[in-house]
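Asks: Below is the sequence, then the predicted model.
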Amino acid sequence: MDAPEQKRQKADSGAVVTEEQAAEFAAKAQAEGRPRLRILTGDRTTGKLHIGHYVGSLKHRVKYQSLYDTFVLMADVQALTTHYDRPEILKQSVREVALDYMACGIEPYTGGPDDGTKAKIVVQSMVPAIADLTVYYGLLVPVRSLIDNPTVKTEAQQHGFGIKQIKVPKVLVSETYRPFVEKIKARVEAEFKELGESSLHDYYEAITEFWNQKYLIKQEDLESDAEIRLSIDVFLVMDEGNAIYKGDFFASGQMNPWEILGDLLNLPYKRKTLREIILQLKHGRDFTSMTYGFLGYPVSQAADITFVGAHLVPVGPDQVPLIELCREVVHRFNSQYGKKKRVLTSPYALLGVREALQGIDGNAKMSKSLNNAIYLSETDAEIWAKVKPAPTDPQRVRREDPGRPEVCNIFSYHKVFNGEKEAGIDEAALNVATVEEVAENCRGAKWGCVECKQHLCKKLSAILDPMRERRAEWEKRPDDLQDVLKAGTARANEEGEKTLERVRSAMHMDYFR
Ligand code: ATP
Ligand code: MG
């Protein structure tokens, strides 16, 4: 499926509702005197939350918590589906994500009678009903529907699974380049020895640092950090004796590294294919070495959503295929075991943005795991240090060159963060340019990229300032924060037990009544 087709399907998905529909559902339930409808959504506790989470999901959670009975799940088990070998990240991440929630303005439930007006913050692994439901739902999910799920496919690929083995062709290093290759290799190796790095993670960190220090190449000569890392990976992976190496690429920085790599691997230049090859080289894992837990995480996500009978799931667009899968599970379960009764509730997705926010390097979705994120907890100075060198329109080399906003990643941020009025912010008083003004100033070369970026940062800062204040308050109250999680989790367990009882009874497993 090509990208436009995927986009079309996403937009057409019966699993997605608009904001108007979400508000209508809630109003209708209220008018009919029914209990509040529910929201369930959450995040993997793999690190701090970023501005992609904010526009993709957090903003809606805050907005709709007054209309829906809200449950926010810290998906720590799901975090382990990709980080099972790094459980030490969990405690810190749980704390950070909880602070991010408070910073965004989630109004937490703190115990006592629950009238559905406060959000329950829940730790996934502490709700055993989710694990039980995962097992039961697994009975109904064909493996094919997991393997073919577009979100699973993309994420599997990000983690290096399921890519065909490709052999690096053997080519001889031309004598002209050999001294250059030797020199680079020696410097890289020396650097590693000095750093004493051993693990793969540290290795990548170190190699990035190495390039950043501009021993061999100026970072701005390349499109992004990620490319530098990937290109050097390929260089190191290939036996230097077998590699043909164009030294002048590094010397001048004039050529596109992807073209060079295409050349090196004797393949037609295709950015995507190369990225896959490099992932393969890096991870070299085939599809069947994927864990059962990783492949099955959409099933556990269906359990996350249904244990509270959620009607609405505010998420980013990457999640739509998983909501569709959840609806399929609900449908199968209800038709298999429900007789005429609806045992489980089918959820709808509410999307914060139509396209996932790109990372600051413009190469992939902003993600905690890709080192391309602007975190909600960062200071203005830290954010500026990321935004200032961020790539813009590559054809806009000089200040007086007209720019093309439609190809600029920074402009896409303007559209997302400046496209509509942000609650509590007086944009006019702030004096930030509108999206139209930004586009005009760029096309007419009235602004340089730096001015454009300053406007963006001003708006980001206005959005983040109130979060900073709330965060600072909660940072002083670690025990209260812990109590919020305990209260939310306890309340979630009440709902989980009720759902489990219903489910087990529908499945003829209510033995001791
Ligand atoms: P990880 O790399 O650990 O998977 P992540 O950054 O992808 O982290 P998740 O915890 O997987 O974050 O996602 C939490 C929620 O935030 C989901 O609803 C997801 O759709 C949304 N989200 C994450 N990244 C983005 C993004 N770049 N743009 C829009 N929404 C996003
Ligand atoms: Mg993710």
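Replies: That came through fine. Ligands and ions are numbered 1, 2, ... in the order given.
Asks: For the residue of the stretch 301-450 of the chain found nearest ligand 1, which non-adjacent residue is spatially closest?
Replies: For the stretch 301-450 of the chain, the residue closest to ligand 1 is Gly316, as judged by CB to the nearest ligand atom, at 2.4 Å. (C-beta placed from N, C-alpha, C; glycine too.) Spatially, and ignoring its direct neighbours in sequence, Gly316 is nearest to Gly56 (3.1 Å; CB to CB, 6 or more residues apart in numbering).
Asks: now the helices: where do they sit in the stretch 51-200 of the chain?
Replies: Secondary structure of the stretch 51-200 of the chain by DSSP state H, counting those that start in this stretch: the helices cover 51-53, 59-64, 76-83, 89-104, 128-138, 143-147, 150-158, 178-195, 200-212.
Asks: okay, now Lys365: neighbour count?
Replies: 19 (other CB atoms under 10 Å).
Asks: Setting aside sequence neighbours, what's the nearest residue to it?
Replies: Of all residues not flanking Lys365 in the chain, Ala356 sits nearest, at 4.2 Å (CB to CB, 6+ apart).
Asks: for the one you found, helix, strand, or coil?
Replies: Here Ala356 is recorded as coil under DSSP: H, G, I helix; E, B strand; the rest coil.
Asks: List the contacts of it.
Replies: With contacts taken as CB atoms under 8 Å, 6 or more residues apart in numbering, Ala356 has the following neighbours: Gly52, Gly56, Gly316, Pro317, Asp318, Lys365, Met366.
Asks: Greatest separation within these: which pair is it?
Replies: Pairwise distances across those peak at 12.5 Å for Pro317 and Met366 (criterion: CB to CB).
Asks: which parts of the stretch 51-200 of the chain sit against ligand 1?
Replies: Gly52, His53, Val55, Gly56, Ser57 (CB under 6 Å from any ligand atom).
Asks: Now render the residues you listed as CSV, adding neighbour count and pLDDT.
Replies: Listed next are those as CSV, based on neighbours: other CB atoms under 10 Å; pLDDT from 0 to 100:
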residue, neighbour count, pLDDT
Gly52, 25, 96
His53, 25, 97
Val55, 20, 95
Gly56, 26, 95
Ser57, 24, 96
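Asks: Narrow the contacts of Ala356 to those in strands?
Replies: If you go by DSSP state E, these have nothing in strands.
Asks: For Ala356, see how far away the residue most central in space within the chain is.
Replies: Closest residue to the average C-alpha location of the chain: Ser367 at 3.8 Å, with CA atoms, centre = their mean. Applying CB to CB, to the nearest Å, the value for Ser367 to Ala356 is 9 Å.
Asks: And for Pro402, the neighbour number?
Replies: 12.
Asks: Pretty sure it sits against Lys446.
Replies: No: counting by CB atoms under 8 Å, Pro402 stays clear of Lys446, with 9.6 Å between them.
Asks: got any ranges where the stretch 301-450 of the chain has weak pLDDT?
Replies: For the stretch 301-450 of the chain, no stretch is flagged by pLDDT under 70.
Asks: contacting residues around stretch 442-454?
Replies: 387-388, 390, 392-393, 396, 399-405, 408, 410-411, 414, 438, 440-441.
Asks: re earlier: burial measure for the residue of the stretch 301-450 of the chain closest to ligand 1, as a count.
Replies: Neighbours around Gly316, by other CB under 10 Å: 22.
Asks: Going by neighbour count, list what's buried in the helix or strand harbouring Glu437.
Replies: In the assignment (DSSP states H and E), Glu437 maps to helix 435-443. Within helix 435-443, the residues scored as buried using 16 or more other CB atoms under 10 Å are Val435, Val438, Ala439, Asn441, Cys442.
Asks: which parts of the stretch 201-350 of the chain sit against ligand 1?
Replies: Residues of the stretch 201-350 of the chain lying near ligand 1 (CB under 6 Å from any ligand atom): Val315, Gly316, Asp318, Gln319.
Asks: okay, among those residues, which ones form the most distant pair?
Replies: Largest separation among these by CB to CB: Val315 and Asp318, giving 7.9 Å.
Asks: related to what we said a few turns ago, touching, the residue of the stretch 301-450 of the chain closest to ligand 1 and Tyr54? I think so.
Replies: No: if you go by CB under 8 Å, Gly316 and Tyr54 don't touch, sitting 10.3 Å apart.
Asks: So which elements touch the longest helix along the chain?
Replies: Secondary structure of the chain per DSSP state H: the longest helix is helix 478-506. If you count contacts as 3 or more CB pairs under 8 Å, 6 or more residues apart in numbering; DSSP states H and E, helix 478-506 packs onto strand 69-75, helix 89-104, strand 120-123, helix 128-138, helix 320-337.
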